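> need the 3D shape of this:
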Amino acid sequence: MPDSEERTFHLRFSLSAEIPAEAWEDEDFEGDEWLNEWELKIKPGLIRTVFTYLRTFTDWECHIRNRGISPLDEVEIVMKKTGA
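Numbering: from 1, shown residues only. The predicted structure is shown next:
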C-alpha cells in the first residue's frame, strides 16, 4: 500500500453588512437579506467556479465532504492527487 501525506488549507470568508438604523424601523425590512444573497447567489457560484478550475487539473480528484458541520458554516473540498 502506498504512503500518503495530508495537508489542510483554509480559505475563510468573514461576512458583514452595514445596515442603517432607519432600516430596522421599517416593518417590511428583512434583516437577513444580505446573508440570503450570500447563501443563494454568491456562495453557490463561488463553489461552481472553484470546481470548474480544479477540474482542469486531471491528476486531481475533488469532492465535497461533510464532517457534520452545517454547510452554512463550512464547505470542505477534498482533493486527492491521483497521478504520479
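> tell me the buried residues in the longest helix belonging to the chain?
When the chain is parsed with DSSP state H, its longest helix is helix 43-54. The neighbour-count check on helix 43-54 (16 or more other C-beta atoms under 10 Å) flags Lys43 as buried. Backbone N, C-alpha and C define where each C-beta goes, glycine included.
> after it, which helix or strand is next?
Going down the chain from helix 43-54, the next helix or strand is strand 60-65, by DSSP states H and E.
> partners of that next one in the sheet?
strand 76-81 (antiparallel) (DSSP bridges).
> the strand it pairs with vs helix 43-54, what angle?
0 degrees (axes from the mean of the first three to the mean of the last three C-alpha atoms, to 10 degrees).
> surely Leu35 forms part of a helix?
Yes - assignment of Leu35 by DSSP: H, G, I helix; E, B strand; the rest coil places it within a helix.
> just give the nearest non-adjacent residue to it, would you?
Excluding its sequence neighbours, the residue lying closest to Leu35 (C-beta to C-beta, 6 or more residues apart in numbering) is Leu15, at 7.0 Å.
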